[in-house]
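Participant: Kindly generate the corresponding structure for this input.
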Amino acid sequence: MENTQHDMAPFDAGEMMAPICSVFRRFLKSKGLKYTPERAAILDAIIERDEVFEVEEILLQMRGREGRVSKATIYRTITLLTEAGIITQALFDSKQAHYRLIYGREPQDQMVCMRTGRLIEFTNRDIIELRNRICSELGWKPIGHRLQIYAHSPEEEAEASDPPSSD
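Facilitator: Residues are numbered from 1 along each chain as shown. Modelled structure (predicted):
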């Protein structure tokens with residue numbers, strides 16, 4: 001998968017940690033759940049990654065640290081973080097769910113090549129304005145969005161139309 005980012009402000013994990021932790025704590029409290037050291041460590045690992053990730057990657061990252069966190073705890077925490085609007089699920093292939101940190105971030109839309117799985121991320125002000133206008137018209141407050149466009153990349157189209165070589 002290839003990632004390219006445009007118009008993104010630099011990300012400072014330390015700067016984001018306090019607000020995200022506060023949001024997660026409030027969310028957990030509203031559900032009658034506790035902000036445990038394991039949940040804090042999982043959130044910290046996600047913030048440190050600052051990229052699209054799979055649950056298995058977080059599990060491997062957590063194994064290299066003190067204190068054991070079970071796979072089940074990671075999956076439950078990922079679900080809670082998704083419900084809290086801190087991360088979102090982004091499916092790029094049929095094998096594994098991928099996630100990304102979205103809280104406090106510019107929306108990142110994606111274009112995925114259906115032949116190669118190549119991924120290009122982009123931000124488009126027109127899409128953000130359209131989202132905001134639709135929400136306003138319906139009386140909703142926009143928090144974020146996700147747009148995935150499935151297409152064939154120009155390189156793949158060129159390869160598909162090239163005649164086979166006669167070597």
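Participant: State the distance from Ser161 to Thr116.
Facilitator: Using C-beta to C-beta, to the nearest Å, one gets 16 Å for the distance from Ser161 to Thr116. All C-beta spots, glycine's among them, are computed from the backbone N, C-alpha and C.
Participant: err, Ile86, not the other one
Facilitator: According to C-beta to C-beta, Ile86 stands 30 Å off from Thr116.
Participant: These two - which one has more neighbours?
Facilitator: Ile86 (21 against 14; other C-beta atoms under 10 Å).
Participant: neighbours around the closest residue to that one other than its chain neighbours, how many?
Facilitator: Nearest residue to Ile86, sequence neighbours excluded (C-beta to C-beta, 6 or more residues apart in numbering): Tyr103, at 4.4 Å. Counted with other C-beta under 10 Å, the neighbours of Tyr103 add up to 18.
Participant: Spell out which helix or strand contains Tyr103, please.
Facilitator: Assessed by DSSP states H and E, Tyr103 sits outside every helix and strand.
Participant: who's in contact with the residue most central in space within the chain?
Facilitator: For the chain, the residue lying nearest the average C-alpha position, counting by C-alpha atoms, centre = their mean, turns out to be Arg100 (1.6 Å). Contact partners of Arg100, counting by C-beta atoms under 8 Å, 6 or more residues apart in numbering, are Glu51, Val52, Phe53, Ile87, Thr88, Ala90, Gln108.
Participant: Bridged to the fifth one, which residues?
Facilitator: Per DSSP bridges, residues listed as beta-bridge partners of Thr88: Arg100.
Participant: Confirm for me that it is in contact with Tyr103.
Facilitator: No - counting by C-beta atoms under 8 Å, Thr88 sits too far from Tyr103 to count as a contact (9.3 Å).
Participant: I'd like the C-alpha coordinates of stretch 74-83 written as PDB, please.
Facilitator: Presented in PDB, the C-alpha positions along stretch 74-83 are these (Å, rounded to 0.1, in the frame of the first residue of the first chain):
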ATOM      1  CA  ILE A  74      -6.900  -5.000  22.100                       C
ATOM      2  CA  TYR A  75     -10.000  -6.000  20.000                       C
ATOM      3  CA  ARG A  76     -12.400  -4.700  22.700                       C
ATOM      4  CA  THR A  77     -10.400  -1.400  23.100                       C
ATOM      5  CA  ILE A  78     -10.400  -1.000  19.300                       C
ATOM      6  CA  THR A  79     -14.200  -1.300  19.300                       C
ATOM      7  CA  LEU A  80     -14.500   1.200  22.100                       C
ATOM      8  CA  LEU A  81     -12.100   3.700  20.400                       C
ATOM      9  CA  THR A  82     -14.200   3.400  17.200                       C
ATOM     10  CA  GLU A  83     -17.400   4.000  19.000                       C
END
